[in-house]
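A.B. asks: Would you be able to build a 3D model of this:
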Amino acid sequence: PVYCSCGSSQNLNLWVLKDLSQIYDYAIKPNINEIEFLSTTSKENVERDFSVILERASGKGKNALSSAYENDVYSAMSRVEFLEKFKLADKPLMFVMLHAFNDHPLSLFGSLLFSDYSEWFVQTYRFAIQDKTKNWIFKEHPENQFYLTKDLDLKKTMSNLPDNVRFIAHDSPIKASVVMNVADAVITCLGTAGVEMPALNGIPSIIASNTFYNGLGFTIEPKTRNEYFEVLANFKPKKLSPELQF
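C.D. replies: Residues are numbered from 1 along each chain as shown. Here you go, the predicted model:
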C-alpha cells in the first residue's frame, strides 16, 4: 500500500492506495451522485456554504478567493468599457486563466492534454495569435509572484501583442470579478476559475485536463489536443443554463 495525504488549512485527508490504478482517485473529488445527493438532502447547507464563497469572492477578508476577486472600482466594469479600455473589437472575449507554472505543473487528476502548464500556455498563445475571430485575454495567476520562474519573464514575453490578444498581469486592478462580468468563456487546465466562473455567472469553462470538478456536466472537456483546438476555433458564446450553473 502507498499512503498519501493531501490537505490545506481547511481539511486534511488520508487514503490508502492498494493498486497503482487508483493513483488519480483524488480523495476530495466528488462524483455526480454525491453532488445530486447533497443538493437534495442538504440543500440548505449547500446554499449556506455557497453564500460564504460569494462573500469571499466579494473581497471580504483575506483568503485566496478574495485576492483573485478583490472588489475594487473595476469590478463593475461593463463589457463595453472593457473593450474600450483595452482597445479591442467587439468579438467574443476568451479569457485564458494562467496557472503558476511551477505550482504542481503535473496533474493530480490524471490526463493532462499537454506536458505541463508551460506547454499549454505556449500552444494556446500560438493558436490565439492566429485566431482573429475572437479576443484572447491571457490573465496571469493572481499569486504568481510567489512562484518565481527564472527562465520566463511573462510581462516581457507578452509584449508587442497583436490586436486580438491582451495580457493582464497579476498586479493589475483588473481582477477576476471583472472577468466574471465580461468573459464569454474561460480556459484553464485545472484551475479553480473553471468551476468558479460557471457557478458565479454561468460562464462556460474549457478545460485541458481532468480536474477535481470535471465530469459534472458544466465544463467543456476536449479529450485530445486536436479536439482542444477545434473547441477553441469553433466556440460560440452561450451562457450556461441555470441547471448547469447551480
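A.B. asks: Surely Ser209 touches Leu190?
C.D. replies: Yes: the criterion here is Cβ atoms under 8 Å, and Ser209 meets it with Leu190 at 4.5 Å. For glycine as for every other residue, the C-beta is placed from the backbone atoms N, C-alpha and C.
A.B. asks: How much space separates the nearest residue to Glu140 once chain neighbours are set aside from Gln145?
C.D. replies: Nearest residue to Glu140, sequence neighbours excluded (Cβ to Cβ, 6 or more residues apart in numbering): His170, at 4.3 Å. Distance, His170 to Gln145, using Cβ to Cβ, to the nearest Å: 6 Å.
A.B. asks: try Phe86
C.D. replies: 23 Å.
A.B. asks: So between His170 and Gln145, which is more surrounded?
C.D. replies: His170 (19 against 12; other Cβ atoms under 10 Å).
A.B. asks: OK, contacts around that one?
C.D. replies: 140-145 (Cβ atoms under 8 Å, 6 or more residues apart in numbering).
A.B. asks: on that earlier part again, quick check, the residue nearest to Glu140 in a helix?
C.D. replies: No: the assignment for His170, made by DSSP: H, G, I helix; E, B strand; the rest coil, is coil rather than a helix.
A.B. asks: Contacts only, for the most centrally placed residue in the chain.
C.D. replies: Closest residue to the average C-alpha location of the chain: Ala193 at 2.8 Å, with Cα atoms, centre = their mean. Applying Cβ under 8 Å, 6+ apart to Ala193 gives the contacts 95, 97, 176, 179, 186, 205.
A.B. asks: ditto for Phe167
C.D. replies: Phe167 makes contact with 137-140, 154-155, 158-159, 161 under the criterion Cβ under 8 Å, 6+ apart.
A.B. asks: mind redoing it with 7 Å?
C.D. replies: Contacts were defined as Cβ atoms under 7 Å, 6 or more residues apart in numbering; by that measure Phe167 touches 138, 158, 161.
A.B. asks: name the element it belongs to?
C.D. replies: strand 165-168 (DSSP states H and E).
A.B. asks: Please apply the same query to Ile187.
C.D. replies: Under the assignment here (DSSP H and E), Ile187 is part of strand 185-188.
A.B. asks: now Met180
C.D. replies: Applying DSSP H and E, one finds Met180 within helix 176-182.
A.B. asks: Kindly export that helix (C-alpha atoms) in PDB.
C.D. replies: Taking C-alpha atoms only, helix 176-182 is exported to PDB below (Å, rounded to 0.1, in the frame of the first residue of the first chain):
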ATOM      1  CA  ALA A 176     -11.400  38.000 -11.600                       C
ATOM      2  CA  SER A 177     -14.600  40.000 -10.700                       C
ATOM      3  CA  VAL A 178     -14.200  41.800 -14.000                       C
ATOM      4  CA  VAL A 179     -13.600  38.500 -15.800                       C
ATOM      5  CA  MET A 180     -16.900  37.300 -14.300                       C
ATOM      6  CA  ASN A 181     -18.700  40.300 -15.700                       C
ATOM      7  CA  VAL A 182     -17.300  40.300 -19.300                       C
END
